[in-house]
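Student: got a predicted structure here, sequence first:
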Amino acid sequence: MLISSKNLLLTARSEGFAVPHFNFWNDMSARGHVASAESKKVPIILAWAQKHESDLNINEALNLGKFYGSSAKVPIVLHLDHGFSPDIVKYGIDNGFTSVMIDASEESFEKNIVITKDIVEYGHQRGVVVEAEIGHVGTSLDEEDTSQYTEVEAAIEFVKRTNVDSLVISIGTSHGVYKSKTTPHLNFERLSELRKVVPVPLVLHGGSSSGDVNLRKAANLGISKVNVYTDLANAALQVSMGKSYRSILELLEEEESSIQKLDEHYIEVFETQKLYESEEQTSVGAL
Ligand code: 13P
């Protein structure tokens, strides 16, 4: 069943766990993600990123996502990740994504508000929730550069003026592998401050290689959704290293199960199963 992430993330926020966001880039990865959700019996967020459109375009992603999501034995959120173009995001809203991210974080604060507000209005009129970002999560965040951490006052103002459903914050993670190859230092103090005063669920991008201890702590302190991509793509890639296969199908099967296994690990790290200790679990499917 395909669901909205609205109540799911609100429950995660109040119970101190995170919902995994796993990017898919083809049918095999989408299947692996859904299989992990089914085996762990938890909802997940199945996400397609606009930057992958040359490998899997939005219509292919919608078809795969709707097919695997609606036939899954657990609730699945179909999410459009890092929508840089408002037109693509609106197309996604009109055609079946149940959640979208509009990413205008590289624009000025004021322009980010204008672009995000427009998408929020468009999405809400059509029953689709919207995620947005301030304090840009880069691809090679310098740990010493604390100017990139999300400012508390800016986050409050951004949410108030846009009415966005969830907010990506920057507390020290970055997309892809880390320059230093060690786990990053996360600013948990800033996270706790933001959790106290920002009235919507907080989202952490750049989950890969951020460290299990860090990620569990972030989930417990107020991160309601963690995005993971690079670790999963690398897990699939590693499978083929130094091995020979009898057929391409055998290789694809191993890639899929390596993705499923790592997803299952992250579901445990994020304590997503806490959902079923919550009284609100029955309403996760509703907007
Ligand atoms: P990683 O590739 O670092 O896991 O980040 C994924 C992400 O944030 C997608 O939005």
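Tutor: The structure has been received and is ready for your questions.

Student: tell me the confidence at D142?
Tutor: With respect to pLDDT, D142 scores 53.

Student: an error on my part: the question was meant for S283.
Tutor: pLDDT, S283: 60.

Student: what do you get for S257?
Tutor: 96.

Student: I'd assumed it was in a strand, is it?
Tutor: No - counting by DSSP: H, G, I helix; E, B strand; the rest coil, S257 is not found in a strand; it is helix.

Student: count the neighbours of it for me.
Tutor: The number of residues packed near S257 is 16, by other C-beta atoms under 10 Å. For every residue, glycine as well, the C-beta is placed using N, CA and C.

Student: OK, contacts around it?
Tutor: G32 (C-beta atoms under 8 Å, 6 or more residues apart in numbering).

Student: around the ligand, which positions in the stretch 101-250 of the chain sit nearby?
Tutor: Proximity of the stretch 101-250 of the chain to the ligand (C-beta under 6 Å from any ligand atom) is limited to residues H175, G176, H205, G206, G207, S208, N227, V228, Y229, T230, D231.

Student: for the second one, grab phi and psi.
Tutor: Phi and psi for G176, reported as degrees, to the nearest 10, are phi 80, psi -160.

Student: so it makes contact with G206?
Tutor: Yes - the criterion here is C-beta atoms under 8 Å, and G176 meets it with G206 at 7.4 Å.

Student: so these two - more neighbours on which side?
Tutor: Taking other C-beta under 10 Å, G176 and G206 do not tie; G206 has more neighbours (25 against 16).

Student: so that one sits in a helix?
Tutor: No - assigned with three-state DSSP, G206 falls outside any helix and is coil.

Student: grab the nearest non-local neighbour of it.
Tutor: T173 (3.7 Å; C-beta to C-beta, 6 or more residues apart in numbering).

Student: secondary structure class of that neighbour, three-state.
Tutor: Under three-state DSSP, T173 comes out as coil.

Student: local confidence estimate at it?
Tutor: pLDDT, T173: 93.

Student: gap between it and E131?
Tutor: With distances taken as C-beta to C-beta, to the nearest Å, T173 is found 16 Å from E131.

Student: more crowded one of those two?
Tutor: Set T173 next to E131 and count neighbours by other C-beta under 10 Å: E131 wins out with 33 against 27.

Student: the longest strand belonging to the chain pairs with which strands, parallel or anti?
Tutor: In the chain, with assignment by DSSP state E, the single longest strand is strand 76-83. Counting by DSSP bridges, the strands paired with strand 76-83 are strand 2-3 (parallel), strand 44-49 (parallel), strand 99-102 (parallel).

Student: the shortest one: what's the following helix or strand?
Tutor: Stepping forward along the backbone from strand 2-3, the first helix or strand reached (DSSP states H and E) is helix 6-15.

Student: distance between that next one and the chain's centre?
Tutor: From the chain centre to the centre of helix 6-15 is a distance of 14 Å (C-alpha atoms, centre = their mean, to the nearest Å).

Student: which helices and strands sit right next to that helix?
Tutor: strand 19-23, strand 223-228 (3 or more C-beta pairs under 8 Å, 6 or more residues apart in numbering; DSSP states H and E).

Student: TSV please, covering these and showing mean pLDDT and mean neighbour count.
Tutor: Shown next, in TSV, are those (pLDDT from 0 to 100; neighbours: other C-beta atoms under 10 Å):
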stretch	mean pLDDT	mean neighbour count
strand 19-23	98	27
strand 223-228	98	27
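
Student: let's have the ones you listed in TSV, adding distance to I156.
Tutor: As requested, the helices and strands packed on helix 6-15 are arranged in TSV below (distance: least, C-beta to C-beta, whole Å):
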stretch	distance to I156
strand 19-23	23
strand 223-228	17
